[in-house]
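>>> Below: sequence and its predicted model.
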Amino acid sequence: MTAIRRLGLALLLALAPLGGAVAVDPPYQGAMERLSEILGSLYMLSPLCGDASTDWRSQMAELMALDEPDDDRRARLAGSFNAGYEAYARFHRSCTPAAQAAMGRLLGEGEALARDIHQRYAE
């Protein structure tokens, strides 16, 4: 199984059992914001490097649908996604070895974060 497919599967499983918006941020909010940033980065880098096998934007939408954040948290998660996209869009216009290395690091970190969120906070 490719790293991209493993990350996609981990993302879908990460928050499936979680749900319900609360007035106070859940303990996994920081990890979710970082995961959102990673997904935004991958959304920018993947097609640049010829990998259209995963739609990271729809993965983000599914993740938010599963988590059911309140409006404030939803805005912060979307902001993190956009920040991740913009961070790489500023410097990468073509698929370079640096872009490919960044994708590898992001996939690894995203997979680890999704696994950690699921293991620590899923019911």
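Okay, I see it.
>>> what's the closest non-adjacent residue to Asn82?
Nearest residue to Asn82, sequence neighbours excluded (CB to CB, 6 or more residues apart in numbering): Gly40, at 6.0 Å. Yep, even glycine has a C-beta here, placed from its N, CA and C like the rest.
>>> Same check on Glu33?
Glu33's closest residue in space is Ser80 (CB to CB, 6+ apart), at 4.4 Å.
>>> starting at the chain centroid, how far to the host helix or strand of the one you found?
For Ser80, the host element (DSSP states H and E) is helix 71-89. Here helix 71-89 shows a centroid-to-chain-centroid distance of 10 Å under the convention CA atoms, centre = their mean, to the nearest Å.
>>> That helix: what's the following helix or strand?
Toward the C-terminus from helix 71-89 - assigned by DSSP H and E - lies helix 97-121.
>>> Can you point out the buried residues in that following helix?
With burial defined by 16 or more other CB atoms under 10 Å, the residues of helix 97-121 counted as buried are 99, 102-103, 106-107, 109-111, 113-115, 117-118, 121.
>>> just checking, what packs against the helix or strand hosting Ala61?
Ala61 belongs to helix 56-67 when assigned by DSSP H and E. Judged by 3 or more CB pairs under 8 Å, 6 or more residues apart in numbering; DSSP states H and E, the packing partners of helix 56-67 are helix 3-14, helix 29-48, helix 71-89.
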